[in-house]
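> here's a sequence, model it:
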Amino acid sequence: MIFFTKIYRIAWAVLIILIIFLDRNNLYWVVGTIILLLLLSGIAVLRFLDSRNEWREIIKEKSLDKDIP
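Next comes the predicted model:
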């Protein structure tokens with residue numbers, strides 16, 4: 001999992017660099033950047049949903065939801 005996290009963070013850095021220095025006249029660079037953006041956004045949403053479900057399980061196990069008014 002740590003290896004995936006490193007690649008994921010590097011991919012976001014590469015995406016930011018591509019957006020800053022992108023040659024907008026080159027169709028391949030534009031399409032590649034858009035595909036990378038969609039891929040990373042999809043992975044971010046899936047990671048968010050997984051994390052949310054893990055937190056829900058932790059709250060149920062410790063019955064912390066009873067303390068919230």
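> work out the gap between the host helix or strand of E57 and the centre of the chain.
According to DSSP states H and E, E57 maps onto helix 27-62. Centroid displacement of helix 27-62 relative to its chain, using C-alpha atoms, centre = their mean, to the nearest Å, is 4 Å.
> buried residues, it. List them.
For helix 27-62, the neighbour count (16 or more other C-beta atoms under 10 Å) marks T33, L36 as buried. Every C-beta, even on glycine, is put in place using the N, C-alpha and C of the backbone.
> need the contact list for L40.
Neighbouring residues of L40 by C-beta atoms under 8 Å, 6 or more residues apart in numbering: Y8, A11, W12, L15.
> and the pLDDT at the first one?
By that I understand Y8. Y8 is assigned a predicted lDDT (pLDDT) of 92.
> for it, give its distance to L22.
Shown here: Y8 relative to L22, a distance of 21 Å by C-beta to C-beta, to the nearest Å.
> now the second one
From A11 over to L22 the distance is 16 Å, taken as C-beta to C-beta.
> so N25, which state does it fall into?
coil (DSSP: H, G, I helix; E, B strand; the rest coil).
> any idea of the angle the host helix or strand of F3 forms with helix 27-62?
Assigned by DSSP H and E, F3 falls within helix 2-20. With axes from the mean of the first three to the mean of the last three C-alpha atoms, to 10 degrees defining the directions, helix 2-20 sits at 140 degrees from helix 27-62.
> follow-up on the earlier one: list buried residues within the contacts of L40.
Buried subset of the contacts of L40 (neighbour count, 16+ other C-beta under 10 Å): L15.
> distance to R52 added to the contacts of L40, as TSV?
Listed next are the contacts of L40 as TSV, based on distance: C-beta to C-beta, whole Å:
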residue	distance to R52
Y8	18
A11	22
W12	20
L15	24
